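K.L.:
Compute the structure for the input listed below.
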Amino acid sequence: MTNTAVTANMTPASNKAGQCAIAKRKFGISDIPAAMDKMKWPTSAALMRRWFNGNPWPTPDGGMDEVTKNHGKEIPQEYVDDSIVKMSWLLTFERVKKDYDYLKSMWNSPNGQKQIRAAVLKKFKDQPDGKHPLAFGSAREAEDFGYSNTVSVTMGQWRIDVLDDLRGALANFNLRVISEGDVVIVSKKIEFQVKRLGFYVEDSYDFGDGSDFISQPLGFWNFDGTVIPPEAVARNISINSNQTAMMETGALNPADVAEVFKELEGARFYLIQNSDFVEYRQCHGKGGDFRVLSDIKYETIAPTTIVISS
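P.N.:
A predicted model of the protein is given here:
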């Protein structure tokens, strides 16, 4: 895949399609998935490759529009991925497990019961008397029906001390819970007998900055991966010093100097921002923002009855 060149202080994302910046270095943002592979970040790498292989949206900037991003309208299936992110992987991270346990304890909070009543009533208010099973085969079905409760799992964009596959893949996302069981209708009285809970994750994988003046930083990267900013700066200073020393001493012949310079430049770190992905999309006509949905992790609970209408 053709790389988009970015300089150390970054190129503005203002190029129109087909008018790409002239390459100033070999490392480009499309090299990041391979760097993620080296860091053993398989989920991050898979999601980013999905973005590079996707098509832009039919919007002025090619990105997901804010109404869709904020769940204001239905999203086309082309821009939904529910195959990459797994709950079993997510729950290996302590910060997710903590919010998972909290959500499990709050699934039928007053706000949760309000959500459940609204969704069940909308679906079953005109159904005949009887017992109607309610279950979901995918997170997309659960989203369409209406989740029972949700919590936001967040990490500040300026926090630099955590570098892992979760940070590279999702960073901030929504953890949802859905209720399954039987809806019992007798003479217009509706009860929901909840037998198990399902947990899944929802997020938007996009590189939009909205109204932010400064494009969100996504870390310092090279072919081998990413490091925290202080380490990236220190390594780049060392590279500059080594290059300067070689030029001043003249100890190597020109061919050897060129080879060493090439090796050093390959180790240099570059700041990557949201705007670099926007520029890539404008230049190459590829790069599709999409909604991320995980699989569903189910947990059986003691039967719980919620009165929907009486």
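K.L.:
Nearest residue to residue 172 in space, please, no chain neighbours.
P.N.:
residue 154 (4.6 Å; CB to CB, 6 or more residues apart in numbering). In this view, the C-beta of every residue, glycine as well, is placed from N, C-alpha and C.
K.L.:
Tell me the spacing between the one you found and residue 175.
P.N.:
11 Å (CB to CB, to the nearest Å).
K.L.:
quick one: which of the two has more around it?
P.N.:
residue 175 (23 against 13; other CB atoms under 10 Å).
K.L.:
Remind me which helix or strand residue 271 belongs to.
P.N.:
Counting by DSSP states H and E, the element that carries residue 271 is strand 270-273.
K.L.:
re earlier: what does the residue nearest to residue 172 show for phi and psi?
P.N.:
The phi and psi values for residue 154, taken as degrees, to the nearest 10, are phi -120, psi 160.
K.L.:
What is the burial count for residue 125?
P.N.:
Around residue 125 there are 12 residues (other CB under 10 Å).
K.L.:
how much space between it and residue 168?
P.N.:
Relative to residue 168, residue 125 is positioned 44 Å away (CB to CB).
K.L.:
ditto for residue 92
P.N.:
Counting by CB to CB - residue 92 and residue 168 are separated by 14 Å.
K.L.:
which of the two has more neighbours?
P.N.:
Taking other CB under 10 Å, residue 92 and residue 168 do not tie; residue 168 has more neighbours (23 against 12).
K.L.:
Identify the residue spatially nearest to that one, adjacent ones excluded.
P.N.:
Counting by CB to CB, 6+ apart, residue 168 lies nearest to residue 44, which is 3.3 Å off, once chain neighbours are set aside.
K.L.:
What residues sit buried inside the helix or strand where the one you found lies?
P.N.:
Secondary structure assignment for residue 44, by DSSP H and E: helix 42-53. By 16 or more other CB atoms under 10 Å, the buried positions in helix 42-53 come out as 43, 44, 45, 46, 47, 48, 49, 50, 51, 52.
K.L.:
just stretch 278-287 next, same as before
P.N.:
278, 279, 280, 281, 282, 283, 284, 286, 287.
K.L.:
looking at this, the second one is in a helix?
P.N.:
Right, residue 279. Yes - applying DSSP: H, G, I helix; E, B strand; the rest coil, one finds residue 279 inside a helix.
K.L.:
buried stuff in stretch 67-80?
P.N.:
For stretch 67-80, by 16+ other CB under 10 Å, it's 68, 69, 75, 79.
K.L.:
Output stretch 97-111 in CSV with nothing but the alpha carbons.
P.N.:
What follows is stretch 97-111, C-alpha atoms only, in CSV (Å, rounded to 0.1, in the frame of the first residue of the first chain):
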residue,chain,number,x,y,z
LYS,A,97,-12.9,-6.1,33.9
LYS,A,98,-13.5,-3.4,36.6
ASP,A,99,-16.2,-1.7,34.4
TYR,A,100,-17.6,-5.1,33.4
ASP,A,101,-18.2,-6.0,37.0
TYR,A,102,-19.7,-2.7,37.7
LEU,A,103,-22.1,-2.9,34.8
LYS,A,104,-23.1,-6.4,35.8
SER,A,105,-24.1,-5.1,39.2
MET,A,106,-26.0,-2.2,37.7
TRP,A,107,-27.8,-3.9,34.8
ASN,A,108,-31.2,-3.3,36.3
SER,A,109,-30.6,0.0,38.0
PRO,A,110,-33.5,2.5,37.8
ASN,A,111,-32.1,3.9,34.5
